[in-house]
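>>> A predicted structure for the sequence below; I have some questions about it.
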Amino acid sequence: MRSIADQSTADLGGRTSILARQRADHVELDRLMQRLAGETGEAYERTFTTMNRLVFSHAFAEEAVLWPLLRRLFPEGERLTLEVEQEHQEVNELVVALDEHREAGPERERLQARLFEVLREDVRDEEDELLPRLQDRLDTQELRRVGWQWEVVRRTAPTRPHPVVARRPPGNVVAALPLSVIDRTRDRVDMAARVAPDRFAGTLRRSSQALARVSHLVERTPAMRRGERASTARDPEGL
Ligand SMILES: [Fe+2]
Ligand SMILES: [Fe+2]
């Protein structure tokens, strides 16, 4: 099995194959992590939001489309996908923790360093272990079909961390639509708050906080935890 990291786009099945789409996002993630390391203040906040939008929609679509497929195709799929779901779970929890530790200091540095470490581990597991298996089993046309399925889910997926929601169907599929609408509305409100005159910015920030509370209630609906494995489950009261 060859890692998909060092193959040509043609070998991966062309730009629209799931393998090339995954790698393009991973390259963009790496670029954003490197940029974040040198940024502070408003520039940091903007890049961090961009990175989160990429990370959470990307991972959500993996959990909804790709990992169930791997479990159907390979006997070792259960073990392999549980490992990356545990990494995704930790990423969700680290971003929530970073949101709560906004002031610069050793704790924030520790959380960010760990976040980057887990994100890089996740990319390695996918490019070296999981995706080459798909390459071995599926032909080019199938790789492209899965690529489109993943892309459609990614474009409509939640864009923020939701550590309480299941990392597996059916819970994550039930959660997708309501959480995506709330997350994407919040993204737009936050963006507007950054450029609005001072007298409006406060109202916009309060609207965003109200949406965060709605999201908090929605993700605690029991149907959204169905399908979860014990190692990625979190007590909704503990977060
Ligand atoms: Fe990925
Ligand atoms: Fe991932």
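Thanks, I have the structure now. Numbers count the residues shown, from 1 in each chain. Ligands and ions are numbered 1, 2, ... in the order given.

>>> quick one: the residue of the chain most remote from its centre from Arg205, how far?
Distance from the C-alpha centroid of the chain peaks at Arg199, with 33.7 Å (C-alpha atoms, centre = their mean). For Arg199, the distance to Arg205 (C-beta to C-beta, to the nearest Å) stands at 12 Å. No exception for glycine: its C-beta is placed from N, CA and C like everyone else's.

>>> over to Thr221?
Distance of Thr221 to Arg205, computed by C-beta to C-beta: 26 Å.

>>> cool, Leu73 as well?
As judged by C-beta to C-beta, Leu73 and Arg205 stand 46 Å apart.

>>> with Ala193 instead?
Separation of Ala193 from Arg205 (C-beta to C-beta): 5 Å.

>>> also Arg79?
Going from Arg79 to Arg205 by C-beta to C-beta gives 44 Å.

>>> neighbour count for the two, which is higher?
More crowded of Arg79 and Arg205, by other C-beta atoms under 10 Å: Arg205, with 15 against 10.

>>> which strand or helix spans that one?
helix 198-218 (DSSP states H and E).

>>> now that helix: buried residues?
Neighbour counts using 16 or more other C-beta atoms under 10 Å place Leu204, Ser207, Ser208, Leu211, Ser215, Val218 of helix 198-218 among the buried residues.

>>> for stretch 221-237, same thing?
Neighbour counts over stretch 221-237 (16+ other C-beta under 10 Å) mark Met224, Arg225, Gly227, Glu228, Thr232, Arg234, Pro236 as buried.

>>> the second one contacts Ala233, doesn't it?
So that's Arg225. Yes. With contacts counted by C-beta atoms under 8 Å, Arg225 reaches Ala233, the gap being 7.0 Å.

>>> on that earlier part again, closest one to ligand 1 out of the buried residues of helix 198-218, please.
Nearest to ligand 1, judged by C-beta to the ion, of the buried residues of helix 198-218 is Ser215 at 23.7 Å.

>>> about what we covered before: other SSEs contacting the helix holding Arg205?
Where contact means 3 or more C-beta pairs under 8 Å, 6 or more residues apart in numbering; DSSP states H and E, helix 198-218 is packed against helix 171-195.
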